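Undergrad: Sharing a sequence plus its predicted fold:
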Amino acid sequence: MEGKKKPRALHIVSWNVAAWAKTMTFIKSRHKSLKTYLHNHKIDILCLQETKIGAKKLAQDPKVAGITNDLGYDSFWCCSAESFKGFNGVATFCRRGLTISANNKPFSDKELNDEGRALVTTHDGFAVVNVYVPNSSGGSDRLLFKMKFLRALKQKMNSLRSEGFKVILVGDLNLTYRAEDVHWQRRTIHVDDFLQHNLNTSLTSERENNKSDSDVSASAFTRLLSAPLCSHCGCLGCLCPRCSKSPSGLTKNTCRFCLVTIGDSNQQRDQKIHLFHKKAQSDCLKIQNHLSKYWEEILSLLRDRLIEEQEVSHRRTSTQIKYRVCVIGSKGNKIRLGTPFGNRSWAEHFYSYDNSRTVFDEVAEETYIVQRRHSASIGDIVELLERIKGLKLTSAEQRSLALFGRPAHAECAGNWFRSLLKDGYVDSFVALFPFAQGRFTCHEQYKNRRYNNEGSRIDFVVVDKALMSCVAESSQLLKNFSSKRREERSEELKTNQGSHLFHNHTGDDTGDDTGNDSSCYTDILSNTRCPTCTANSSSSGSSVCPNDSVCGLVKSPACSNPSCEMCALSAITLNGRWKPAPFDGSGITTGRQSDYDAHFTFPRTGVLYSPPQYSDHVGVSIVLALDITPQQLDESKETKLSQPHMKVRRINSFFKKKTATETETATATTTETATAATTTT
């Protein structure tokens, strides 16, 4: 369909919903319909993962997926084969007139297509590849399958590029490739490597030896660290009340860990980062000495660990048997480790560090590391030192150790992602927010991880490098909203969401130093101060930043650093409104309607913080300024197979009451056919 191209802001959202039918139940009860939900978010393309709806169910009852005649969106589905019993699945909802074609079997390998993990839609000049990448928790075989999937995915992306499409890859990739993408306590330490580092090196002498390097972060020691930024503020300073109170003597906009103050010049910031690294060096040297002295003894105790059965009773559920890892201390005392596990095999798997596991991929002719010998999470190391040897590390010391931390996911998957970046793709979130801390998209809700923001960033929007300029241009398009409309929307948000959201949550200010920074202080509704944003939202009294598309990180009006992890904690918990679920089987605490409406804001590039009842993932989004021509959806076999819900409509069309025109046409056709048959005879 021909049409005049018109620049517009295109809002794309990706979200792992962990069972779309369940999520739709909440959306209907809280927001009336999917149509209303999409309208409130101003979404043009919604990509879902882990939909868990079979093709037969869609054909029988499309409404279970929110599909109605007045929706205004075309939907395309990739469902797993019947043998998978409705697991996996991805779906893409596109505003009508945006899509050219769809393909729910994009790979040449039937095994990859049958799991229902990839869906490709083509549009005017670009293609969206919506994927739910397999995880590798099932062991070596699943890691091989995961890498097979990733290789096929990259091949498909290259094929789309060769056809002239700019590629946008969205979805749950089930991988991390940076240390910052994992909560600092969950990062992995390779103990043997850590013990080999010469931490007695003088940073001052290293800097003198590298006088040609103007940036302190280029010194030999900081290159040694995998994440040379403060895990609290990204070395940008902080305005969190917790930081303003500890340690004493700091100004209110100074981070208590790296001592960087908001407003520092580049030179001042570099000097403080250098001091921060010296302090981290001292902390890590102390931890290194502990591990050198006690690590082998700890391993010896873990080799003889016991699995203890525990009977757990819940108020609303029956009694359950859980399993706890225990060791016998040097004094004969029983030491319990971690939390109880639901089955014995999981309990036996944890706290096993002696062996390195690898698997050989015969197709790729590569050896993948499943687990490195003597690798443990920072949280486990801290726990083992404290419970077995009585050595308690402070929060600052733990964060110093986190500078040596690595992503927790398989290294081969991270290497695959880095190869994408080398091929001209861009991780849109990192490109816009390189210093962001704690911006995770997935949390283990059954362990209440969301409420301490202990998660990982495994959901991505990856775009062709050429499209990144469109992200910046989209901010100009969004500014076309009239100031009056923006004021109306701001007042609407204030009215609907309650005044309690527009002042800081005080929380518990006791402020222990054990690493449990669980209080949250900031305002969920406010946008980030991006480099081009000159408005001071705290002084103007408005929580709406004039540069929405760039301002994708939620922050406090009082905090000029959206990269602060306390702002991220506030965002994921709705300023403390979302509470941990009790362990009595009663489920997640229900919020007020204003709480469920709080995640409706202007379109933005960044993270979309949905309520915890909807999914254990939150969404990720991007806003692009594109010249779009209205499109006509093709009638290809691939597109029709991607719309199983349309089969019922097509069958019913044979039985619906025909109009007068349709009756006349059918009669004429029948007469012509009969005449032709008589002539032939």
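TA: Thanks, I have it.
Undergrad: Going toward the C-terminus from the helix or strand of the chain at the bottom of the mean pLDDT ranking, what's the next helix or strand?
TA: Counting by mean pLDDT, DSSP states H and E, the weakest-scoring helix or strand in the chain turns out to be helix 537-540, with a mean of 32. Next in sequence after helix 537-540, counting helices and strands by DSSP states H and E, comes helix 565-572.
Undergrad: Nearest the middle, which residue of the chain would you pick?
TA: A centroid search over the chain (CA atoms, centre = their mean) returns Thr441, at 2.7 Å, as the residue closest to the centre.
Undergrad: Tell me how far the closest residue to it other than its chain neighbours lies from Ser428.
TA: Here the nearest residue to Thr441 in space, its sequence neighbours aside, is Asp459; by CB to CB, 6 or more residues apart in numbering that works out to 4.0 Å. Using the backbone N, CA and C atoms, a C-beta is placed for each residue, glycine as well. Asp459 sits 12 Å away from Ser428, going by CB to CB, to the nearest Å.
Undergrad: quick revisit: the residue nearest to Thr441 - how many residues pack around it?
TA: Counted with other CB atoms under 10 Å, residues neighbouring Asp459 total 23.
Undergrad: Let me see the contact set for it.
TA: The contact partners of Asp459, taken as CB atoms under 8 Å, 6 or more residues apart in numbering, are Ser14, Trp15, Asn16, Gly171, Asp172, Leu173, Thr441, Cys442, His617, Val618, Gly619, Val620.
Undergrad: For the stretch 551-681 of the chain, which segments are assigned as helices?
TA: Here the stretch 551-681 of the chain has its helices, by DSSP state H, counting those that start in this stretch, at 565-572, 593-597, 637-641, 646-652, 660-680.
Undergrad: and those helices, which one is worst for confidence?
TA: With a mean of 43, helix 660-680 has the lowest mean pLDDT of the helices of the stretch 551-681 of the chain.
Undergrad: mind listing the strands for the stretch 101-250 of the chain?
TA: All strands of the stretch 101-250 of the chain, identified by DSSP state E, counting those that start in this stretch, fall at 118-123, 126-132, 166-172, 188-190.
Undergrad: could those strands be laid out in JSON lines, adding distance to Asp74 and mean pLDDT?
TA: Written out in JSON lines, the entries for those read as follows (distance: least, CB to CB, whole Å; pLDDT from 0 to 100):
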{"stretch": "strand 118-123", "distance to Asp74": "9", "mean pLDDT": "98"}
{"stretch": "strand 126-132", "distance to Asp74": "13", "mean pLDDT": "98"}
{"stretch": "strand 166-172", "distance to Asp74": "17", "mean pLDDT": "98"}
{"stretch": "strand 188-190", "distance to Asp74": "43", "mean pLDDT": "94"}
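Undergrad: Nearest to Pro611, out of these?
TA: Of all those, it is strand 166-172 that lies closest to Pro611, at 18.5 Å by CB to CB.
Undergrad: Partner strands of that closest one and their direction?
TA: Strand partners for strand 166-172, identified by DSSP bridges, are recorded as strand 126-132 (parallel), strand 459-464 (antiparallel).
Undergrad: most tightly surrounded among these?
TA: strand 126-132 (a mean of 25; mean count of other CB atoms under 10 Å).
Undergrad: what is the orientation angle of that one with strand 118-123?
TA: 160 degrees (axes from the mean of the first three to the mean of the last three CA atoms, to 10 degrees).
Undergrad: How about residues contacting strand 126-132?
TA: Around strand 126-132, the neighbours that count as contacts under CB under 8 Å, 6+ apart are 12, 14, 16, 45, 47-50, 78, 88-92, 106, 116-121, 153, 156-157, 160, 165-174, 464, 467, 626.
Undergrad: at 7 Å instead, please
TA: Residues from elsewhere that reach strand 126-132, judged by CB atoms under 7 Å, 6 or more residues apart in numbering: 45, 47, 49-50, 88, 90, 92, 117-121, 153, 156-157, 160, 165-172.
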